[in-house]
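[1] got a structure for you, letters missing:
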């Protein structure tokens, strides 16, 4: 997994690239969480993520819940069809902020 | 389902029990399902189910042995329109009665892998592992 972060005011846009599984979840958290902890609105762009397993879904849930605690939000953008299918299988499409 | 998916076929491969092996498990599955000409949607689901089962071996059966040199074996068989995926490992014995997913409406991280496996596959069965194996999990799906 690789990533790119751009910051614009209070918005941090995190582009993840590759497959998100148990092996890379800690790295994904290290990339995403500091922005949430700083109170930023995080835009998580998943357009280049073609595979995500339950560990990746856990990162999305944890990020969402952490953001709520910090009175901010994580918006998941440009989710691929294959990842959306997994999000829907977990019945999270109404819980997570998908755009 | 395509005609080639009816072909009788078996392949197996071993992998180090490490989280870094999961991408190799997925690659192996994709290659086999490509040969079986399984359509993309089903292939994605099957790869997810298999990767989740392999992840469970790493995460649970080898919970206390992150640097193990042990290997797990994944065997994919297709016979008479039935896909059977076997997993063999030498980790901590699994108590099938304790293998449960979290309540799906109780939103929290974790506990989804087993749920995904059950959603995707027709049957999930723990069999007695024959030496040298400790655990033998079998997932089946009618094509």
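    The structure has been received and is ready for your questions. Owing to the predicted nature of the structure, the values given are computational and were not obtained by experimental measurement.
[2] Excluding chain neighbours, what is closest to the residue nearest the centre of chain B?
    The structure's chain B has its C-alpha centroid closest to residue B:50; by C-alpha atoms, centre = their mean the separation is 3.1 Å. Of all residues not flanking residue B:50 in the chain, residue B:29 sits nearest, at 5.1 Å (C-beta to C-beta, 6 or more residues apart in numbering or on different chains). In this view, the C-beta of every residue, glycine as well, is placed from N, C-alpha and C.
[3] Now do the buried residues in whichever strand or helix holds residue B:53.
    Residue B:53 is located in helix B:40-56, with elements delineated by DSSP states H and E. By neighbour count, and taking 16 or more other C-beta atoms under 10 Å in any protein chain shown as the criterion, the buried residues in helix B:40-56 are B:42-56.
[4] and of those, the nearest to residue A:19?
    The shortest separation between residue A:19 and any of these is 9.5 Å, and it belongs to residue B:51 (by C-beta to C-beta).
[5] didn't the closest one look like it was pressed against residue B:26?
    Yes. Counting by C-beta atoms under 8 Å, residue B:51 does reach residue B:26; the two are 5.3 Å apart.
[6] what does stretch A:18-34 rub up against?
    For stretch A:18-34, the surrounding residues in contact (C-beta atoms under 8 Å, 6 or more residues apart in numbering or on different chains) are A:1-3, A:5, A:14, A:16, A:42, A:44, A:48-53, A:55-56, A:58-59, A:62-63, A:66, A:74, B:19-20, B:22-23, B:26, B:51, B:55, B:58-59.
[7] For chain B, which residues score under the pLDDT cut-off?
    Counting by pLDDT under 70, chain B contains low-confidence residues at B:1-6.
[8] Quick check: residues of it near chain A?
    By the criterion of C-beta under 8 Å from any C-beta of the partner chain, the positions of chain B lying close to chain A are B:19-20, B:22-23, B:26, B:44, B:47-48, B:51-52, B:55, B:58-59, B:104-105, B:107-110, B:112-113, B:115-116, B:119.
[9] again, 6 Å this time
    Taking C-beta under 6 Å from any C-beta of the partner chain as the criterion, chain B approaches chain A at residues B:19-20, B:22, B:44, B:51-52, B:55, B:104, B:107, B:109-110, B:112-113, B:116, B:119.
[10] And stretch B:13-30, end to end?
    The first and last residues of stretch B:13-30 sit 13 Å apart, counting by C-alpha to C-alpha, to the nearest Å.
[11] Can you name the residues in contact with that stretch?
    Applying C-beta atoms under 6 Å, 6 or more residues apart in numbering or on different chains, the external contacts of stretch B:13-30 come out as A:21-23, B:47, B:50-51, B:54, B:58, B:62, B:68, B:70-73.
[12] Out of those, which end up buried?
    By 16+ other C-beta under 10 Å, those give A:21-23, B:47, B:50-51, B:54, B:58, B:62, B:68, B:70, B:72 as buried.
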